[in-house]
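Asks: Make a model of this:
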Amino acid sequence: MGSSIRSSAVLLAAVSLLPAAAGAIPARDVLGSTHADGKYNFTGENFLNEGADQLLELGTRVIKVWFDPNSTPTYPFNSKWGPPPQNLEDLARHPYYRELFDKPFSTFILVLARRVPVNDFIDGMTPEEATVEREQTYGLARHLLTTYAGTGKTFVLQNWEGDHLLRRGLKEGEVPDRTRVRGMAAWLNARQVGVLNARRDVPAEGVTVAHAVEVNLLREAMAGNVTVTNDVVPLTRADLYSYSSWDVQFDPAELVRALDYLAAKAPDSSLYGRRNVYLGEFGAAKDHVADEQDRAAVIRELTDAALGWGVRWAVYWQLYCNEPARVYTTPRPANQDLRGFWLIRPDGVRTRMYSNFFNHFRTSLVRVLLRGPGGHFVTPEGGGGGSVWVSGTRPTDQSVLVLRDLNGGSLRNGDAVEILTHDGTYLREAEDGRVLADRRQAIEGTRFVIRKIGATGHNVLGPRDRLAIEGASGQFLGAGRDGLLQAFGGAPGTEGTFSLVFAE
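Replies: Below is the predicted model of the structure:
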């Protein structure tokens with residue numbers, strides 16, 4: 001999603017031709033977690049797969065792990081890695097990774113080693129270095145396409161926090177020069193070509209291998225400074241673009257603005273089109289937000305912002321904390337020894353974030369446009385809150401809504417939903433009958449029921465089905481005379497009849 005629609009006709013053509021089966025996406029296939037470099041463990045299983053099993057138990061099917069020939073320090077417990085393999089393809093054959101890839105995840109996001117095996121781009125990329133990088137990713141992608149054909153799995157190969165890589169070795173305030181910028185673009189493009197060549201040689205049969213570029217200093221980019229987003233990304237043609245989002249200071253509105261900015265800079269993808277951005281890292285530690293309840297609320301708002309915006313995946317940092325808060329001398333850290341990037345603490349307690357995510361994974365997400373009377377689209381005001389309108393026959397990105405189907409599965413007549421906007425706000429029915437867009441703290445009036453007009457059971461809703469939206473008050477939503485969306489009566493009527501256009 002970009003910050004503006006390039007062509008409303010193109011948007012309508014793209015979203016209206018997708019089949020109804022594509023409408024609902026299980027939240028467990030969108031929201032996931034990283035497992036890397038945790039400082040504690042709980043079982044006798046090799047550490048890589050212990051964490052994977054914990055995430056499957058939580059309910060997600062999206063996992064992000066480090067994929068490095070020198071994985072020993074990243075996954076140390078109960079693990080005998082042996083000598084480092086010579087290439088990434090052989091690493092994928094290691095028993096620990098084979099065990100991981102056989103697990104029922106839908107998406108594996110693999111952070112590839114920075115240098116494979118010894119390349120560095122800061123002084124530019126020679127043709128020989130580019131060849132090595134291309135052949136490494138080609139071999140890995142070919143192996144994954146062949147070995148996991150028919151499984152429905154997606155493997156995403158990415159770098160980690162590209163802006164830190166671009167600025168490696170520079171002093172504070174130094175600006176990356178043109179050699180670094182072009183060298184990084186050549187490095188990333190070599191990886192992309194390796195994946196493309198593998199997809200050319202091994203036609204995909206029920207498996208996807210994609211390459212992603214990750215950025216992490218979007219505030220610097222939005223200020224006009226030399227960054228991966230401003231200067232490298234436009235020189236690439238990656239399948240996907242990822243954002244590690246620690247620089248937005250845990251502000252959901254800033255996260256939306258940053259995602260809009262990255263999407264506007266990212267070239268469209270032949271594999272994913274213009275919706276080729278995901279949230280590679282988000283979360284908050286104890287030193288960011290001290291109180292656990294407040295911290296869980298912050299993380300929930302960031303999650304809502306990402307899902308409402310329409311990221312392809314949102315990956316929480318992380319399962320077990322990887323960062324000490326102080327020096328500790330015991331073999332196993334206590335809770336107070338670590339910063340608190342966790343779903344499960346060292347004492348084994350599952351956090352509020354764990355419970356919140358567990359509840360998320362029981363839902364499904366349906367990205368839609370709602371077309372009201374006269375062909376006008378339901379469109380919240382931009383900027384994170386305010387009124388909601390039924391006006392304008394040319395939809396914008398603000399017109400794309402996410403219905404969180406609370407009982408999961410396909411969207412059916414009678415399903416209870418929460419409605420997320422592009423800005424990560426929720427639609428709610430106010431006491432005066434108006435429908436407003438607010439952050440999640442306004443929990444009253446955010447649950448609606450979808451009623452399929454003319455339905456005689458729990459029918460699945462399809463493209464262009466006519467529907468009505470019933471609020472918590474029992475009144476139906478519709479367009480007022482001034483175009484505002486509001487609750488107005490006990491029956492939908494013409495002004496409360498909407499047609500459904502799937503955006504996914």
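Asks: can you tell me which residues contact the nearest residue to residue 121 once chain neighbours are set aside?
Replies: Spatial nearest neighbour of residue 121, excluding adjacent residues (Cβ to Cβ, 6 or more residues apart in numbering): residue 183 at 3.6 Å. The way it works is simple: take the backbone N, C-alpha and C, and place the C-beta from them, glycine included. Shown in contact with residue 183 (Cβ atoms under 8 Å, 6 or more residues apart in numbering): 121, 122, 123, 124, 125.
Asks: which of those residues are buried?
Replies: 121, 122, 125 (16 or more other Cβ atoms under 10 Å).
Asks: can you redo those as CSV with pLDDT and distance to residue 326?
Replies: Shown next, in CSV, are the buried ones among the contacts of residue 183 (pLDDT from 0 to 100; distance: Cβ to Cβ, whole Å):
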residue, pLDDT, distance to residue 326
121, 91, 36
122, 90, 33
125, 93, 41
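Asks: Break the protein into its domains for me.
Replies: Listed domain ranges for the chain are 26-360, 364-502 (source: automatic domain parsing).
Asks: Compare the mean pLDDT across the ones you listed and name the weakest.
Replies: Lowest mean pLDDT within the domains of the chain: domain 364-502, at a mean of 90.
Asks: rewinding a little: nearest to residue 494, of the contacts of residue 183?
Replies: Closest approach to residue 494 among the contacts of residue 183 (Cβ to Cβ): residue 121, at 60.7 Å.
Asks: Next, the buried residues of the helix or strand that contains residue 255.
Replies: Element membership for residue 255, per DSSP states H and E: helix 252-265. For helix 252-265, the neighbour count (16+ other Cβ under 10 Å) marks 252-263, 265 as buried.
Asks: Check stretch 107-116 too.
Replies: Neighbour-count burial for stretch 107-116 [16+ other Cβ under 10 Å]: 107, 108, 109, 110, 111, 112, 113, 116.
Asks: repeat for stretch 213-224
Replies: In stretch 213-224, counting by 16+ other Cβ under 10 Å, buried: 213, 214, 215, 216, 217, 218, 219, 220, 221, 222.
Asks: Need the contact partners of it.
Replies: Counting by Cβ under 8 Å, 6+ apart, 158-164, 188, 227-230, 232-233, 236, 238, 240-248, 254, 257-258, 261-262, 265, 280-281 sit against stretch 213-224.
Asks: Take the residues you listed and keep only those in strands.
Replies: Residues of those located in strands (DSSP state E): 158, 240, 241, 242, 243, 244, 280, 281.
Asks: where exactly do the helices run in this structure?
Replies: Assigned by DSSP state H, the helices in the chain fall at 8-16, 47-58, 88-92, 95-101, 127-147, 162-166, 178-201, 218-222, 252-265, 292-309, 352-360.
Asks: what sits against the spatially closest residue to residue 28 that is not a sequence neighbour?
Replies: By the measure of Cβ to Cβ, 6+ apart, the closest residue to residue 28 outside its immediate chain neighbours is residue 361, 4.2 Å from it. Neighbour list for residue 361: 26, 27, 28, 31, 58, 59, 60 [criterion: Cβ under 8 Å, 6+ apart].
Asks: list the contacts for residue 190?
Replies: Residue 190 sits in contact with 125, 129, 130, 131, 133, 134, 137, where contact means Cβ under 8 Å, 6+ apart.
Asks: repeat that with 7 Å
Replies: 130, 133, 134 (Cβ atoms under 7 Å, 6 or more residues apart in numbering).
Asks: are any of those buried, and which?
Replies: 130, 133, 134.
Asks: surely the last one meets residue 196?
Replies: Read it as residue 134. No. Applying Cβ atoms under 7 Å as the test, residue 134 and residue 196 come out as separate, 9.6 Å apart.
Asks: where's the closest residue to residue 143 other than its chain neighbours relative to residue 102, distance?
Replies: Nearest non-adjacent residue to residue 143, counting by Cβ to Cβ, 6+ apart: residue 89, 4.7 Å away. According to Cβ to Cβ, to the nearest Å, residue 89 stands 17 Å off from residue 102.
Asks: same question, residue 380
Replies: According to Cβ to Cβ, residue 380 and residue 102 sit 43 Å apart.
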